[in-house]
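1. How does the following fold in three dimensions:
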Amino acid sequence: MKAIVLEGQQPRLSTTHPDPRPAPGEALIRPLRMGVCSTDLELCKGYMGFKGVLGHEFVGVVEEVGGGGKEAKAFVGKRVVGTINCVCGKCDMCRSGLREHCRDRTVLGILNRDGCFAERFTLPTKNLLLVPEGLDDDHAVFTEPLAAAYQILRQLTIEGRPYITVLGDGRLGLLCAQVMSQLNATVRCVGKHPEKLSLCEKWGVKHRLLEEVGLRADQDIVVDCTGSSNGFATAMKMVRPRGKIVLKTTVAPGAGEIDLSPLVINEIQVIGSRCGPFGDALTAMVNKKVDVLSLISRRMKLADGVAALKTAKSPGVIKVLLEP
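-> Model prediction:
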């Protein structure tokens, strides 16, 4: 089986990776589209110490369900997307309703579980959501990152009409800018790439180049989507005293020291934000509330997955999709 496998910090194409077999309650999935994410790039730098098949953004077809039963009738032959955290359902986190933080979880393509950059992969059926018939594959593959953007709305309490800056004009930043603009707030996207920021014009989202923005500590909320350790330092200079920073960035260790004293001095609240509601993301795309197709920069084949990871880091590239 073909798969993009990470060993150390070197991804490679394997043509002899073992075919996965679904355990009872797991689905065997054939991916139709796969998305390259900034997390994949950080994994290649040593983040999480991951080894195995990369990839966690997908839309695919269920070919088999281990153990058969009702799940097989519900999913076999259907297009699905899937949440990436595979949980035990028994630990204190799971029992308290914090399943995404299960102490014994595996995470698709990130932690102790092979990912979706392969001809086949497995995921528990309880993680799967059926893709609405009217939603095509190019939209559906964005479900995971768009859900991460919608998670922010679950974590914030909006009062008055706050000033919000989405910092970063990459894949996630442009999704978050669209989602945050649905709030009763004054929202802008700030980044370093004019060609990427120009997409905000078609969405009616305010945008500025970072070099043109004064760091005056005047924003009520700053959402850091830079994918860089420097982003957090910039966010601390943008947010007002007792404001909030929503941190969406994950970077590999060794990215440099950060002076955290402004958090204390200015009593800034930091909110870590990770995975989000897939149902909200699917509904938003069905109702055309978010434009994801404009983010697609390149389409490449799974066999060219190593090159796709390099392409995703190139200037001007927003989203790279893989196809079988």
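
2. got the contact list for His101?
-> Shown in contact with His101 (C-beta atoms under 8 Å, 6 or more residues apart in numbering): Met93. C-beta here means a position set from N, CA and C on the backbone, and glycine is covered the same way.

3. Actually, Ala284.
-> The neighbours of Ala284, taking C-beta under 8 Å, 6+ apart as the test, are Leu146, Tyr150, Val179, Val290.

4. didn't the first one look like it was pressed against Thr283?
-> No. Applying C-beta atoms under 8 Å as the test, Leu146 and Thr283 come out as separate, 10.3 Å apart.

5. From the neighbour counts alone, determine which of those two ranks first.
-> A count of neighbours by other C-beta atoms under 10 Å puts Leu146 above the other of Leu146 and Thr283, at 28 against 13.

6. count of residues packed around the residue nearest to that one when sequence neighbours are not counted?
-> Spatial nearest neighbour of Leu146, chain neighbours left out: Ala281 (4.0 Å); criterion: C-beta to C-beta, 6 or more residues apart in numbering. Neighbours of Ala281 under the rule other C-beta under 10 Å: 29.

7. secondary structure element for Ala281?
-> For Ala281, the host element (DSSP states H and E) is helix 278-286.

8. Please pull up the helix or strand immediately following that helix.
-> Next along the chain after helix 278-286, taking DSSP H and E as the criterion, comes strand 296-301.

9. Let's see the pLDDT reported for Arg188.
-> Looking at Arg188, its pLDDT reads 98.

10. how far is the helix holding Ala281 from where the chain is centred?
-> On the basis of C-alpha atoms, centre = their mean, to the nearest Å, helix 278-286 sits 14 Å off its chain's mean C-alpha point.

11. Can you report how many residues lie near Ser198?
-> Ser198 has 11 nearby residues by other C-beta under 10 Å.

12. Now Leu6: which helix or strand?
-> strand 3-7.

13. quick one, strands of the stretch 201-324 of the chain?
-> Using DSSP state E, counting those that start in this stretch, the strands of the stretch 201-324 of the chain run over residues 206-209, 219-224, 239-247, 269-272, 296-301, 319-323.

14. I figured the residue nearest to Leu146 hits Val141, correct?
-> No. Counting by C-beta under 8 Å, Ala281 stays clear of Val141, with 11.2 Å between them.

15. which residues touch Lys237?
-> Lys237 touches Leu215, Ala217, Pro262, counting by C-beta under 8 Å, 6+ apart.

16. Skipping adjacent residues, who's closest to Ala74 in space?
-> Closest residue in space to Ala74, ignoring its immediate chain neighbours: Thr125 at 7.7 Å, by C-beta to C-beta, 6+ apart.

17. Rebuild the contacts of Lys237 as TSV, extending it with distance to Thr234, pLDDT and neighbour count.
-> Listed next are the contacts of Lys237 as TSV, based on distance: C-beta to C-beta, whole Å; pLDDT from 0 to 100; neighbours: other C-beta atoms under 10 Å:
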residue	distance to Thr234	pLDDT	neighbour count
Leu215	7	95	14
Ala217	11	97	15
Pro262	11	95	17
